[in-house]
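**Q** Sequence first, predicted model second:
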Amino acid sequence: MSSPPPSLLDQLRADYEASRQSNTPHSDVEGFQQIDVRMRNAFRWLEKAVTYLDGLKPPIQHRFDLGNGVVFDAPRFNRGSVGQHTRRIVGYPVLDEINLYYEIGAAKGVDIDVTPGGMAAAQHALDAAGLTYTNRCTEDHAGNVRQCRLSVPPAIPAMVAFRADYQTGRVTVALVNVDRLDRVTLDFHSQAIDEAVLEDLVRFILGRDDRFLHRAPLAGIRGQPAA
């Protein structure tokens, strides 16, 4: 069954976006087809890399600190997957988002002992990092809570998201729990999305060097725009 034709408004919007993205001698914005090729090549490369990482489960040389000296021990790349999202420009399907999801496995879970007054802050930090946990509190003979323990399983969810803006020719790369329990976003020119930058990304994921962070300016921290 064929899909219905796009509405006039949708077609006008697509034509408008295409006209804004056309290359001129005075513009460094690549055409949408060139950006799409770069994104699709990156997707295929990352798919292969994750397949190898899944099989190897290499150690990750980063420190994942929950505060107060509570650290996940011996983190490793556990398992991952790569997804994509597409849209249409002038009827042409283009890839505008790549999502690399992976889990960092630790040698063991961690326990955090907190006072009742510190429970809300501790839970907020764990929730912000996307960590699952259980809590157990002890009471005195009068029923007053004296101490609580938060138990966190040995699994850290991490993500790298490439999002292409076809109008500006920029590709933002969001890093969640990659080198620490935090969120950072970098801003790349579309021409920078090549095999060399992907290799630096994987090295950074594994903690072998931080060259990836120096390839583009900072665009955001903890989900907020950089100052």
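**A** Yep, that arrived.
**Q** For the protein, which segments are assigned as helices?
**A** Secondary structure of the chain (DSSP state H): helices at 8-20, 32-56, 119-128, 195-205.
**Q** For the third one, list every residue counted as buried.
**A** Within helix 119-128, the residues that qualify as buried by neighbour count (16 or more other Cβ atoms under 10 Å) are 122-123, 126. Where C-beta positions appear, they are placed from N, C-alpha and C, glycine not excepted.
**Q** Make JSON lines out of those and add distance to residue 28 and pLDDT.
**A** Formatted as JSON lines, those follow (distance: Cβ to Cβ, whole Å; pLDDT from 0 to 100):
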{"residue": "122", "distance to residue 28": "47", "pLDDT": "90"}
{"residue": "123", "distance to residue 28": "46", "pLDDT": "90"}
{"residue": "126", "distance to residue 28": "43", "pLDDT": "93"}
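**Q** which of the residues you listed lies closest to residue 185?
**A** residue 126 (21.8 Å; Cβ to Cβ).
**Q** Could you verify my assumption that residue 215 touches residue 198?
**A** No - using Cβ atoms under 8 Å, residue 215 is not in contact with residue 198, being 10.8 Å away.
**Q** who wins for proximity to residue 155 among the helices of the chain?
**A** Of those, nearest to residue 155 by Cβ to Cβ is helix 119-128, at 12.4 Å.
**Q** and that closest one, what other elements does it pack with?
**A** Packing contacts for helix 119-128, counted by 3 or more Cβ pairs under 8 Å, 6 or more residues apart in numbering; DSSP states H and E, involve strand 145-152.
**Q** ok now the strand it packs on, how far from the chain's centre?
**A** Distance of strand 145-152 from the chain centroid (Cα atoms, centre = their mean, to the nearest Å) equals 30 Å.
**Q** Give the partner strands of it in its sheet and their orientations.
**A** Partner strands for strand 145-152, per DSSP bridges, with pairing direction: strand 110-114 (antiparallel), strand 134-139 (antiparallel).
**Q** Any stretches of this structure with poor pLDDT?
**A** 1-3, 17-27, 223-224, 226-227 (pLDDT under 70).
**Q** from the buried residues of helix 119-128, which is closest to residue 48?
**A** residue 126 (33.4 Å).
**Q** can you tell me which residues contact that closest one?
**A** 66, 133, 150, 152 (Cβ atoms under 8 Å, 6 or more residues apart in numbering).
**Q** swap in residue 200?
**A** Contacts of residue 200 (Cβ under 8 Å, 6+ apart): 209, 211-212, 215.
**Q** Next, find the distance separating it from residue 179.
**A** 13 Å (Cβ to Cβ, to the nearest Å).
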